[in-house]
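Asker: requesting a structural model of the entry that follows:
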Amino acid sequence: MATYECSKCGMSVNATCGKCDKPLVDDMLKLDDGNEVQISKCPDNHGKIKSPLCCGQDMSCKL
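Answerer: Numbering: from 1, shown residues only. So this is what the prediction gives:
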C-alpha cells in the first residue's frame with residue numbers, strides 16, 4: 001500500500017482507490033522533459049496521483 005510520510009512532522013497517509021477501494025501502488029512517472037515524479041496508481045488502472053502535501057512540501061513514499 002502507498003504510505004506517504006511528511007519528513008517535517010511525521011504525519012502519514014495510506015492511499016486507496018476511491019472506485020475499487022484497492023490500495024494504491026507506488027510508481028514513477030517520466031515527464032516529457034525527462035524528469036521523474038513519484039506517484040501512486042490504482043492497480044486496476046482507475047488513475048494515479050502525485051504525492052499529497054503536508055507542512056508546505058510534498059510527502060514522500062518509499063519505493
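Asker: pLDDT below threshold where in the chain?
Answerer: 63 (pLDDT under 70).
Asker: how does it look with 90?
Answerer: Counting by pLDDT under 90, the low-confidence segments of the chain come to 1-4, 13-15, 25-27, 37-40, 50-53, 57-63.
Asker: ranges for the strands of it?
Answerer: Along the chain, the segments classed as strands by DSSP state E run 2-5, 12-15, 25-30, 36-41, 48-50, 53-54, 57-58, 60-61.
Asker: mind listing what's buried in the second one?
Answerer: For strand 12-15, the neighbour count (16 or more other C-beta atoms under 10 Å) marks residue 15 as buried. (C-beta placed from N, C-alpha, C; glycine too.)
Asker: pull the distance from that strand to the chain's centre.
Answerer: Relative to its chain's centre, strand 12-15 lies at 9 Å (C-alpha atoms, centre = their mean, to the nearest Å).
Asker: quick one: strands adjacent to that strand?
Answerer: strand 2-5 (antiparallel) (DSSP bridges).
Asker: can I get the partner strand in CSV, CA atoms only?
Answerer: The C-alpha atoms that make up strand 2-5 are tabulated as CSV, following Å, rounded to 0.1, in the frame of the first residue of the first chain:
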residue,chain,number,x,y,z
ALA,A,2,1.2,3.5,-0.7
THR,A,3,2.0,5.2,2.6
TYR,A,4,3.1,8.8,2.3
GLU,A,5,5.0,10.4,5.1
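Asker: out of the strands of the chain, which is the most enclosed?
Answerer: With neighbours taken as mean count of other C-beta atoms under 10 Å, these reach their highest mean count in strand 2-5, at a mean of 19.
Asker: ok, residues contacting that one?
Answerer: Surrounding strand 2-5, the residues in contact under the criterion C-beta atoms under 8 Å, 6 or more residues apart in numbering are 11-15, 23-26, 40, 51-52, 59-62.
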